[in-house]
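Enquirer: My questions concern the predicted model and sequence given below.
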Amino acid sequence: MNWGIIGAARIAKSALVPAIREAGGTVHTVSARDPKKAAQFAQENHIPNSSSYEELLDHPDIEVVYVPLPNSEHLEWTVKALEAGKHVLCEKPLTLSADQARRMMDAQQKSGKLVLEAFSYRFHPQVQRMLDVLKEGKIGDIRLMRSVFTFPLDRPDDIRWDARLGGGAFYDVGSYCVDLMRLVTREVPQQVHVSALKTEGEVDITLGALLEFSSCQGQLLCSFEMPFQQSFEVFGTKGSLQLEAPFAIDNYESHLTVNGQAETFDKINVYAEMVRHFQQAIRGETELRFPIQDHSLQQMLILDRVLNATNHPRV
């Protein structure tokens with residue numbers, strides 16, 4: 001399957017180009033606004049073609065595109081790719097609001113193509129195992145979830161410091177915490193309570209939130225100024241479970257602990273697993289997991305409520 005990459009981003013180089021190849025796909029073309037940057041990226045990553053965004057979308061041999069652009073550009077270029085007859089794997093967060101998610105859903109339905117939000121962690125076996133454990137009732141009825149995802153973002157010119165581009169710790173890493181809680185509950189919280197520390201440019205640098213679901217609470221912490229940490233814990237009426245690395249992205253041996261008993265998972269490239277699944281769904285070999293109408297829209301409804309509570313600049 002021939003892939004095009006819209007945007008010569010770091011994550012494309014470090015994660016998606018190798019994942020596409022490991023999953024049996026071909027990276028046909030990379031595009032960038034700067035032709036020199038696209039050509040350099042293509043040369044360094046052994047990609048045969050470089051082009052503009054528009055030229056990539058017009059190419060008849062490209063079947064699916066990956067969009068790792070700034071968050072503020074996800075809607076525009078995903079919709080353009082759909083209108084050009086391409087399937088789209090788009091980085092998270094898929095959009096910057098529920099209204100944008102609805103517009104993307106409309107474009108996807110009209111095109112008949114598939115869109116997948118690139119939460120690669122979902123494709124780690126530990127996540128499905130955790131969901132199975134919860135469904136089996138091994139820790140009883142869920143009463144509390146806690147998730148943390150922090151790391152120091154020390155590049156002052158990083159686009160994640162720009163509110164106009166959809167920056168902020170919550171969009172970048174807090175969205176993982178929300179997504180996993182929503183996978184567990186299948187709900188949108190009834191109430192949210194939020195505390196955020198923001199830069200002068202109105203970007204949340206550290207954010208804590210309490211999400212009140214119908215029968216349990218979710219507590220999350222995300223930050224661009226704390227040491228690297230990620231965790232997920234669920235407490236129930238009969239016990240508890242912990243994922244020490246819930247959002248592990250690449251070749252990391254991880255552990256799920258249920259009521260004190262640990263289960264180890266082998267190293268796995270979750271990006272390659274995500275790409276492999278998406279290609280299979282495009283070929284009609286399996287149903288697409290996590291379609292945007294069932295997952296991404298609900299995710300954006302929650303992100304809207306949290307960010308509205310911080311008076312975050314909204315689109």
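Expert: Cool, the structure landed. Numbers count the residues shown, from 1 in each chain.
Enquirer: Need the pLDDT of Asp179.
Expert: The pLDDT attached to Asp179 in the predicted structure is 96.
Enquirer: Show the subsequent helix or strand relative to the helix or strand that contains it.
Expert: Per DSSP states H and E: Asp179 is located in helix 175-185. Under the assignment DSSP H and E, the closest C-terminal helix or strand after helix 175-185 is strand 191-198.
Enquirer: Go through that next one and flag the buried ones.
Expert: Within strand 191-198, the residues that count as buried by 16 or more other CB atoms under 10 Å are 192, 194, 196, 198. For the C-beta atoms, the positions are set from N, CA and C on the backbone; glycine is no exception.
Enquirer: Give me the neighbour count for Gln190.
Expert: 10 (other CB atoms under 10 Å).
Enquirer: try Ser52
Expert: 15.
Enquirer: how close does it sit to His59?
Expert: In this view, Ser52 and His59 are 11 Å apart by CB to CB, to the nearest Å.
Enquirer: And Val30, by the same measure?
Expert: 12 Å.
Enquirer: what about those two, which has more around it?
Expert: The residue with the greater number of neighbours, taking Val30 and His59 and applying other CB under 10 Å, is Val30; the counts read 31 against 19.
Enquirer: Next one, pLDDT for the residue of the chain positioned farthest from its centre please.
Expert: Each residue of the chain has a distance to the centre, and by CA atoms, centre = their mean the biggest one is for Lys238: 31.3 Å. Taken from the predicted model, the pLDDT recorded for Lys238 is 98.
Enquirer: Can you report how many residues neighbour the nearest residue to it once chain neighbours are set aside?
Expert: In this structure, Lys238 finds its nearest non-sequential neighbour in Gly140, 3.1 Å apart by CB to CB, 6 or more residues apart in numbering. Gly140 is surrounded by 13 other residues when neighbours are defined as other CB under 10 Å.
Enquirer: Might you report the residue contacts of Gly140?
Expert: By CB atoms under 8 Å, 6 or more residues apart in numbering, the contact list for Gly140 reads 236-239.
Enquirer: Select only the buried ones of those residues in ChimeraX?
Expert: A single ChimeraX command suffices to select whichever of these are buried according to 16+ other CB under 10 Å:
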select :236,239
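Enquirer: Which pair in the contacts of Gly140 has the greatest spatial separation?
Expert: For those, the farthest-apart pair by CB to CB is Thr237 and Gly239; their separation is 8.3 Å.
Enquirer: All set now, cheers.
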